[in-house]
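K.L.:
Structure here, sequence nowhere to be found:
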């Protein structure tokens, strides 16, 4: 059995298991010249996949109904007819949610375990997640030592890394997350100076003001919506707002309304910049090297929520959107 | 009589005449060594003054209740005890709303009528207004020939200049304004390719889509609020949103709510940047030269709404916020 997870129907609001289907792919698994046969080891589930399940205009083409979902995957080479890869190699790249698949190797990177970096980290801290944190914070945030950084979705995969890089770069770092356990984790495990549970805080804007007595110079925004509105009341002159995601509104079926941002932006000569990590591909080599070095030096802790079993991939994705992960959410499939 | 206009009380919502008072300043009008006596010729009324009448934290200190209002003014030197100025010179700079005043000359520029540039233009097209249009569009908008520019508040002082510079730089330019007369003026007098009356357009977002078949690359935003929300639905990948003002919400007493911007910003890797013109002081000489040259070459038309009489300054400001001006709103006082 070669199982494949397809998009059965586009979710309306929060995705449910009924939006996905498992089918048996009976296509030939014998690689031709130049091809490799891969067995999936780890699957990355990420908030941005929610966007691809809708058919709204976006930066990446939407998934097709009836077709496999794809995301960042680490896979093992079972058979190779491609001179760049040999049996037993591990690769990472954008691959289909299948237990096995044929690839021509294009776009895949070898991630044979070196430098004591665990395989799953290539989907996280030294993969797209770490690159997203590093590129957004350094290229848009342009941090200067002593400045104050606020991170929303701070206990998520990107957020935990952003906060740690912020500390390495000498910033005061304040995290916003959705449970006491996460908040505790941010300060005890990830070096956040302060963390705020937005679910139990009545006046979030005042809480941010207390945690950031010098105001907010950089805001790394993973969530959008009400939380980001509360941050806006605290931004400084020439502040930078890095818009990485808007997970709080991805499942909305009607547009979320918030205080209109222009008065805040103009009053503070503030910058707001959206991005996807591929915009910064030119600095990936430098970024990967820094992230790997920090990881080896134990300056970066990476936390994963690992779900076992290919069959649990859709539920893992649903749980991710519901904030049930701590750090990077990954499915281990073999 | 040396009349002075003071802020009597901070406006709540839209300013009214009762927020202002006229007092007679009986201080000595004899300049000491290094000083000059000025007679006000033209007063600039600008949307940003509304912000200074509130005591909210902002980029410029609020006006003090009981103290004179100030703004951009062109004045004539009546008596000079300062070697940099002689009797009969005209100067421009930030001065008090007084018919006469003493100055030490600091921060004032001589604007003796040269190059056929009318005096009032030093408050407009070759003054703060023109600089705002030029610096915002070029430094944040980074226009490339063939791109599409949308301007809100297009019939205002800044908007009319932005559109014309956009045409000079080879852009497709679409203006949004609040009357049929203004819309007509934008296309017939200022070279806008298309203009939309937002007050009579049912679905503004669709109207923008029709006028901008290739999407919006640059949005020069003077207004914020609902109009800007409609533009957001049409922005392109890597679009730039120049936040110059938010006149539509300045008079609001409760925060205006609009569709939360983060999903639009992140989906399009868009940039939103607020600014005040002084951020770009380093390019003022180059900018002034370009603006003056374009003006002499008749590539720039500047439209003014001139109100006669010092005593009508508060009403002119109220009318400005109400959109009754076309182009730059100026009070002629002598």
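P.N.:
Cool, the structure landed. Predicted, not measured: the structure shown is a model, and the values here were computed from it. Residues are numbered from 1 along each chain as shown, chains lettered A, B, ... in the order given.
K.L.:
which stretch of helix or strand covers the residue lying closest to residue A:284 once chain neighbours are set aside?
P.N.:
Excluding its sequence neighbours, the residue lying closest to residue A:284 (Cβ to Cβ, 6 or more residues apart in numbering or on different chains) is residue A:131, at 6.1 Å. From N, CA and C alone the C-beta is placed, and that goes for glycine too. Using DSSP states H and E, residue A:131 falls within helix A:128-135.
K.L.:
Could you report the separation of the closest residue to residue A:28 other than its chain neighbours from residue A:41?
P.N.:
Once flanking residues are discounted, residue A:28 sits nearest to residue A:102: 7.9 Å by Cβ to Cβ, 6+ apart. Taking Cβ to Cβ, to the nearest Å as the measure, residue A:102 falls 16 Å from residue A:41.
K.L.:
The two: which is more packed in?
P.N.:
residue A:41 (21 against 17; other Cβ atoms under 10 Å in any protein chain shown).
K.L.:
The residue nearest to residue A:284: how many residues sit nearby?
P.N.:
With other Cβ under 10 Å as criterion, residue A:131 counts 22.
K.L.:
And the pLDDT at it?
P.N.:
Note on residue A:131: pLDDT of 94.
K.L.:
Contact partners for it?
P.N.:
A:277, A:280, A:284, A:287-288, A:291 (Cβ atoms under 8 Å, 6 or more residues apart in numbering or on different chains).
K.L.:
ok, the next helix or strand after the helix holding residue A:131: who's next to it in the sheet?
P.N.:
Under the assignment DSSP H and E, the closest C-terminal helix or strand after helix A:128-135 is strand A:148-152. Strand pairing for strand A:148-152, using DSSP bridges, gives strand A:172-177 (parallel), strand A:216-221 (parallel).
K.L.:
near chain B, anything from the following helix or strand past strand A:148-152?
P.N.:
Later in the chain than strand A:148-152, the nearest helix or strand by DSSP H and E is helix A:157-168. No. In terms of Cβ under 8 Å from any Cβ of the partner chain, no part of helix A:157-168 sits within range of chain B; the closest distance is 12.3 Å.
K.L.:
Please pick the buried ones from the contacts of residue A:131.
P.N.:
By neighbour count, with 16 or more other Cβ atoms under 10 Å in any protein chain shown, the contacts of residue A:131 hold A:277, A:280, A:287-288, A:291 as buried.
K.L.:
Chain B next: which of those are close?
P.N.:
Answer for the buried ones among the contacts of residue A:131 near chain B: none qualify (Cβ under 8 Å from any Cβ).
K.L.:
Now secondary structure and pLDDT too, for those, in a markdown table please.
P.N.:
A markdown table is the format used below for the buried ones among the contacts of residue A:131 (DSSP: H, G, I helix; E, B strand; the rest coil; pLDDT from 0 to 100):
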| residue | secondary structure | pLDDT |
| --- | --- | --- |
| A:277 | helix | 91 |
| A:280 | helix | 94 |
| A:287 | helix | 92 |
| A:288 | helix | 88 |
| A:291 | helix | 94 |
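K.L.:
Tell me the one of the residues you listed nearest residue B:189?
P.N.:
Distance to residue B:189 across the buried ones among the contacts of residue A:131 (Cβ to Cβ) is lowest for residue A:280, with 43.5 Å.
K.L.:
which residues in the stretch 151-300 of chain A form helices?
P.N.:
A:157-168, A:180-189, A:204-211, A:225-232, A:262-267, A:284-296 (DSSP state H, counting those that start in this stretch).
K.L.:
The next helix or strand after the longest one pairs with which strands, parallel or anti?
P.N.:
Read in the C-terminal direction, the helix or strand following helix A:284-296 is strand A:304-308, with elements assigned using DSSP H and E. Strand A:304-308 has the following strand partners under DSSP bridges: strand A:328-332 (parallel).
K.L.:
which residues touch the strand it pairs with?
P.N.:
A:41-46, A:120, A:123-125, A:129, A:157, A:160, A:302-310, A:312-313, A:316-317, A:319-320.
K.L.:
Please pick the buried ones from those.
P.N.:
A:41-46, A:120, A:123-125, A:129, A:157, A:160, A:302-305, A:307, A:310, A:313, A:316-317, A:319-320.
K.L.:
for the nearest residue to residue A:322 once chain neighbours are set aside, helix, strand, or coil?
P.N.:
In space, and not counting its chain neighbours, residue A:322 is closest to residue A:14: 7.6 Å by Cβ to Cβ, 6+ apart. Of the three states, residue A:14 takes coil under DSSP: H, G, I helix; E, B strand; the rest coil.
K.L.:
who touches residue A:14 in this structure?
P.N.:
Listed by Cβ under 8 Å, 6+ apart, the contact set of residue A:14 reads A:251, A:318, A:321-322.
K.L.:
Narrow those residues to those in helices?
P.N.:
Among the contacts of residue A:14, DSSP state H puts A:318, A:321 in helices.
K.L.:
So which of the contacts of residue A:14 sits lowest on pLDDT?
P.N.:
Lowest confidence among the contacts of residue A:14: residue A:251, with 74.
K.L.:
Would you mind giving the domain segments of chain A?
P.N.:
Taking automatic domain parsing as the domain assignment, the ranges for chain A are A:3-124+A:303-332, A:128-278.
K.L.:
Let me know which of those is tucked in deepest.
P.N.:
Counting by mean count of other Cβ atoms under 10 Å in any protein chain shown, domain A:128-278 has the highest mean neighbour count of the domains of chain A, with a mean of 22.
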